[in-house]
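[1] Any chance you can model this:
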Amino acid sequence: MHDLIQKYRDNELSAEDVRKLRKLLDGMSDNELAGILEKDWEVYKADGEQRLPTGMESRLRRNIHSVVGKVHSKWHIAFVTVACVMAAIICVGLGYIAHGGMPMVDAAHEVYISANDNGGTSVTFPDGSAVSMKPQSHISYHVPPSVEGERSIQFTGTGHFCITKIPENPFTISSDMLDVTVLGTEFYLSAENDGKNARIYLQEGLVRFQSKLSGESVELHPGSLASLDYESGRISVSTDSSLVDVFSKSDAICLNYENTSLGSVVESLNTRYAPFHITLGSAELGKMEFTGTLPANNLMEALSVLEYTANLRISVSNSEVTLYD
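    Now for the predicted structure:
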């Protein structure tokens, strides 16, 4: 178990390691697991490690966020239990979150998700909205965006957004100099605090882009780019699509569905995530309609969104995944 925990710290868990971890977790109680992790932490602390390894903080934050307010299958718990229990032990042991030395009392009120310097990070929220961030970008929020709850985040950096359409509950993205109100759409946003301007390019849908300095706002339509000058607060609109070039085709992270049968959703996931194969537990389940956005580069997150929004149960055996109602 110690070796698996160390591999997790080093972000080196293989598929075989995950299967081994799942088998170990199935055979032990929560108290046994907590005891093992506590002993491992004592060893880890004795080795002189006093800081979280590079990139670990953002992974811990994502793993903690991914289980807040959800009921999960054993399969999903096998992936996140070690991360969440270990996160609690590490944070209590250090007394603070390493990022910026933030006290734990403050961290409990605001969640940060950061992309490290070497690669981007993708995030999927409970409402099905997905964001792909470039290096040195970050998101923060007090409440994770959900279908019926608050849908508001702070963003700095460059990102590709796929926002689930909920007309009665718009999604708001704020930065130091701007607000973006989203009704449900796909767009690219660059809002770096140390830059001279912010830019947003709308791929599809409709957004309202507003300057906090001048109060000026514009509604963007597909194929339009709005640029906000930080010094004057003025907004200009063009058809320049160069912001899209920042993201390669492989960075596309969104699979969008609107009133789509669950059978069709599963077919598209099987195409995207082969050799993994997903089946439905009943024919009736395949007729259920799904509206939302699933990540196209993270099967675990895609299944978690389905599990949460459609109230499904998940069973996995090697590369075979079955969804039950």
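[2] Residue 286 - how many residues pack around it?
    Neighbours of residue 286 under the rule other Cβ atoms under 10 Å: 17. Bear in mind the C-beta positions are built from the backbone N, C-alpha and C, glycine included.
[3] Was I right to think it contacts residue 266?
    Yes: shown here, residue 286 and residue 266 form a contact pair, counting by Cβ atoms under 8 Å, at 7.4 Å.
[4] Okay, now the unreliable bits of the stretch 201-325 of the chain?
    246-254, 256, 258 (pLDDT under 70).
[5] show me where it has strands.
    All strands of the stretch 201-325 of the chain, identified by DSSP state E, counting those that start in this stretch, fall at 207-211, 217-220, 225-229, 235-238, 254-261, 277-280, 289-295, 313-317, 320-324.
[6] just to revisit the earlier point, which residues are common contacts for residue 286 and residue 266?
    Common neighbours of residue 286 and residue 266, counting by Cβ atoms under 8 Å, 6 or more residues apart in numbering, are residue 280.
[7] So which of the strands of the stretch 201-325 of the chain is nearest residue 245?
    Smallest distance to residue 245 across those (Cβ to Cβ): 12.0 Å, for strand 225-229.
[8] Which secondary structure elements does that closest one sit against?
    strand 197-204, strand 207-211, strand 235-238 (3 or more Cβ pairs under 8 Å, 6 or more residues apart in numbering; DSSP states H and E).
[9] Turn the ones you listed into TSV, including distance to residue 161.
    Formatted as TSV, those follow (distance: least, Cβ to Cβ, whole Å):
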stretch	distance to residue 161
strand 197-204	9
strand 207-211	9
strand 235-238	19
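[10] Can you check which of the ones you listed gets nearest to residue 307?
    Residue 307 lies closest to strand 197-204 among the helices and strands packed on strand 225-229, at 27.1 Å (Cβ to Cβ).
[11] so how far is that closest one off the chain centroid?
    Relative to the mean C-alpha coordinate of its chain, strand 197-204 is positioned 21 Å out (Cα atoms, centre = their mean, to the nearest Å).
[12] can you pull the contacts of the residue lying closest to residue 205 once chain neighbours are set aside?
    In space, and not counting its chain neighbours, residue 205 is closest to residue 185: 2.3 Å by Cβ to Cβ, 6 or more residues apart in numbering. Going by Cβ under 8 Å, 6+ apart, residue 185 touches 161, 163, 165, 202-207.
[13] can you pick the most crowded of the residues you listed?
    residue 163 (28 neighbours).
[14] my guess is residue 4 contacts residue 20, does it?
    Yes: counting by Cβ under 8 Å, residue 20 is a contact partner of residue 4 at 6.8 Å.
[15] what about residue 272, neighbour count?
    15.
[16] Correction: the previous question concerned residue 136.
    Neighbours around residue 136, by other Cβ under 10 Å: 15.
[17] so it makes contact with residue 157?
    Yes: using Cβ under 8 Å, residue 136 is in contact with residue 157, at 5.9 Å.
[18] Quick check: neighbours shared by the two?
    Contacts common to residue 136 and residue 157, judged by Cβ under 8 Å, 6+ apart, are residue 115.
[19] for the protein, longest strand please?
    strand 152-162 (DSSP state E).
[20] Quick one: mean pLDDT over that strand.
    Averaging pLDDT along strand 152-162 gives 92.
[21] Give me the helices and strands touching the helix or strand that comes right after it, please.
    Following strand 152-162 in sequence order, the next helix or strand is strand 171-174 (DSSP states H and E). Helices and strands touching strand 171-174, by 3+ Cβ pairs under 8 Å, 6+ apart, are strand 152-162, strand 178-182.
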